[in-house]
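> Quick one, fold the following:
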Amino acid sequence: MRLENIESKVSVFESAFAGGAAGAVTRAIAQPLDVLKIRFQLQIEPIRSGSKYSSILQAISSIVREEGVNALWSGHVPAQLLSITYGLIQFSAFEKLSQVCQKSDPQFYLTHKHALNFSNGAIAATIATVASFPFDTVRTRLIAEQKTNKAYNGFTNAFKLMVRNEGTGSLFKGLMPTIAQIAPHAGIQFAVYKLFAENILTRIEFFQRANTMSAAIESSLTANLLAGSIAGFVSKTAIYPFDVVKKRLQIQGFQQHRYSFGKQMYCKGALHCIRLTISEEGLLALYKGYGPSMLKAVLVSALHFTVYDEIKSFILRIKY
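Sure, this is the predicted structure:
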């Protein structure tokens, strides 16, 4: 039995469960890196000695000293809701799209599998992004505020105040640059992961899973972690500037709660934000927070795909 035939036996519900669980696990572990990334992205001043945040270790020390250890998990509730919702929809949609493509034309699917992984991943991620985006915006606001000058008393309060004071549209600030980045990001991520996990690493005996349920060669836990790390690095590097722009758009109308962090940026849209960022801070400012973001991307991508595939493999072993 071929591996793709085994995977087709995973139901949409099982894919959704595995994707949601993978999102919850990775978010709990990686949240501090997300906080660091966002704080760096929102800093207008150069990231150098004398600035509010000048390095990863200095930023951690500053946040813990000024706001407490819990600040490293700021916005964790909406972040978990974001990750679970996103993972649930993304993986179930990807599996469903892959199954449809495989059943429609098996030969075409095998011949163009990498291209289909890219397109299916992009479509699935776009759907998941739109559905989970309000959680992302609220999470960013909770991370952006200084805990000694709170604007919100938690997730529910933030959600209510944003809708009341700024309208429902405030929950979707930064959606367009997000969609512009998420489609190629997820497409690259799925394509690179599948390429390494199913085609490259499985040719090496060390990365092959022992005691599989059929004659098909399956990737091991180590192979999935490595493939996920590579996928996270490549995809995040390709689209990172869009992430910076998204975060800066999400705090528009919220700047009065961030004066203690230094200079604030006021922009009217994605293109205006890009122009202001480059003119005031230089081209490399579009990669602010790249260090913690890359650590997070590698960790999250590795864990997300690995936990998902391990849960899916476990479900298949129980069924068959």
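
> Tell me, please, where in the chain the pLDDT is lower than the cut-off.
Scanning the chain for pLDDT under 70 picks out the ranges 1-10, 210-217, 319-320.

> all helices for it, in order.
For the chain, helices defined by DSSP state H occupy the ranges 3-7, 12-41, 56-67, 76-104, 106-111, 113-144, 155-166, 175-194, 221-250, 270-281, 290-319.

> Same question for the second one: list its buried residues.
So that's helix 12-41. Neighbour-count burial for helix 12-41 flags 14-27, 30-41 (criterion: 16 or more other Cβ atoms under 10 Å). In this view, the C-beta of every residue, glycine as well, is placed from N, C-alpha and C.

> Gln80 - how many residues pack around it?
Neighbour count for Gln80, taken as other Cβ atoms under 10 Å: 18.

> Go through the helices of the chain and name the closest to Ile47.
Ile47 lies closest, by Cβ to Cβ, to one member of the helices of the chain: helix 12-41, at 6.3 Å.

> for that closest one, packing partners?
Contacts defined by 3 or more Cβ pairs under 8 Å, 6 or more residues apart in numbering; DSSP states H and E place helix 12-41 against helix 56-67, helix 76-104, helix 113-144, helix 221-250, helix 290-319.

> and the second one, how far out from the chain's middle?
Spelled out, that is helix 76-104. 12 Å (Cα atoms, centre = their mean, to the nearest Å).

> and if you look at the fourth one?
Once both centres are worked out by Cα atoms, centre = their mean, helix 221-250 turns out to sit 7 Å from its chain's centre.

> And for stretch 258-275?
23 Å.

> ok, back up a step: between the helices of the chain, which one is closest to Ser260.
Checking these against Ser260 by Cβ to Cβ gives helix 56-67 as the closest, at 9.1 Å.

> The closest one: which residues count as buried?
Buried-residue list, helix 56-67, by 16+ other Cβ under 10 Å: 56, 59-60, 62-63, 67.

> circling back to that earlier point, and of the helices of the chain, who's closest to Tyr259?
Smallest distance to Tyr259 across the helices of the chain (Cβ to Cβ): 11.9 Å, for helix 113-144.

> Just the buried residues of the closest one, please?
The neighbour-count check on helix 113-144 (16+ other Cβ under 10 Å) flags 113, 116-129, 132-144 as buried.

> ok, of the buried residues of helix 56-67, which one's closest to Lys96?
Ile56 (39.0 Å).

> Name the nearest residue to Ser301, sequence neighbours excluded.
Computed as Cβ to Cβ, 6 or more residues apart in numbering, the closest residue to Ser301 that is not its neighbour in sequence is Gly232, at 2.7 Å.

> pretty sure that neighbour contacts Ala297?
Yes: the criterion here is Cβ atoms under 8 Å, and Gly232 meets it with Ala297 at 4.2 Å.

> check contacts around the closest residue to Ala180 other than its chain neighbours.
Closest residue in space to Ala180, ignoring its immediate chain neighbours: Phe242 at 5.6 Å, by Cβ to Cβ, 6+ apart. Contacts for Phe242 (Cβ atoms under 8 Å, 6 or more residues apart in numbering) come out as 177-178, 180-181.

> cool, and Thr237?
Thr237 sits next to Met294 when contact means Cβ under 8 Å, 6+ apart.

> Quick check: the gap between it and Gln189.
Taking Cβ to Cβ, to the nearest Å as the measure, Thr237 falls 11 Å from Gln189.

> Rebuild the helices and strands packed on helix 12-41 as JSON lines, extending it with distance to Phe207.
Formatted as JSON lines, the helices and strands packed on helix 12-41 follow (distance: least, Cβ to Cβ, whole Å):
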{"stretch": "helix 56-67", "distance to Phe207": "31"}
{"stretch": "helix 76-104", "distance to Phe207": "22"}
{"stretch": "helix 113-144", "distance to Phe207": "19"}
{"stretch": "helix 221-250", "distance to Phe207": "4"}
{"stretch": "helix 290-319", "distance to Phe207": "13"}
